[in-house]
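**Student:** dropping a prediction and its sequence here:
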Amino acid sequence: MSALLWGLLFGSVGLGFFLYGKKQQAFVPLFCGLALMVVPYFVSNTVLLVAIGITLIALPYFVRA
């Protein structure tokens with residue numbers, strides 16, 4: 001149950017990053033948003049899902065390309 005809720009949260013944040021990256025033509029938020037929407041389908045371990053999700057959310061703030 002918790003993996004489903006975390007996946008929903010990361011998917012929602014990913015959609016926001018994806019739309020922002022597409023509108024601003026910024027590749028890092030675009031690809032991080034896409035990854036945030038896709039990763040919950042392939043990762044079933046909740047701890048690993050949260051770790052990957054937090055890393056992908058923080059990545060656009062540290063990588064300005």
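**Tutor:** Arrived safely, thanks for sending.
**Student:** hmm, F18 and G33 touching each other?
**Tutor:** Yes. In this structure, G33 is within contact of F18 by C-beta atoms under 8 Å, at 3.2 Å. All C-beta spots, glycine's among them, are computed from the backbone N, C-alpha and C.
**Student:** which of those two has more residues huddled nearby?
**Tutor:** G33 (24 against 19; other C-beta atoms under 10 Å).
**Student:** list the contacts of the more buried one.
**Tutor:** V13, G14, L15, G16, F17, F18, L19, Y20, G21 (C-beta atoms under 8 Å, 6 or more residues apart in numbering).
**Student:** in which helix or strand does it reside?
**Tutor:** helix 27-42 (DSSP states H and E).
**Student:** report the buried residues of that helix.
**Tutor:** Under the neighbour-count criterion of 16 or more other C-beta atoms under 10 Å, helix 27-42 has V28, P29, L30, F31, C32, G33, L34, A35, L36, M37, V39, P40 buried.
**Student:** please apply the same query to stretch 44-64.
**Tutor:** Of all the residues in stretch 44-64, those buried under the rule 16+ other C-beta under 10 Å are L49, V50, I52, G53, L56, I57, L59, P60.
**Student:** which residues sit in contact with the fifth one?
**Tutor:** Think L56. Contacts of L56 (C-beta under 8 Å, 6+ apart): F10, G14, C32, A35, L36, V39.
**Student:** repeat that for 7 Å
**Tutor:** Contacts for L56 (C-beta atoms under 7 Å, 6 or more residues apart in numbering) come out as C32, A35, L36.
**Student:** gap between the second one and M1?
**Tutor:** By that I understand A35. A35 sits 23 Å away from M1, taking C-beta to C-beta, to the nearest Å as the criterion.
**Student:** the first one now?
**Tutor:** Using C-beta to C-beta, we find C32 at a distance of 26 Å from M1.
**Student:** go on, G33?
**Tutor:** To M1, G33 is 25 Å away according to C-beta to C-beta.
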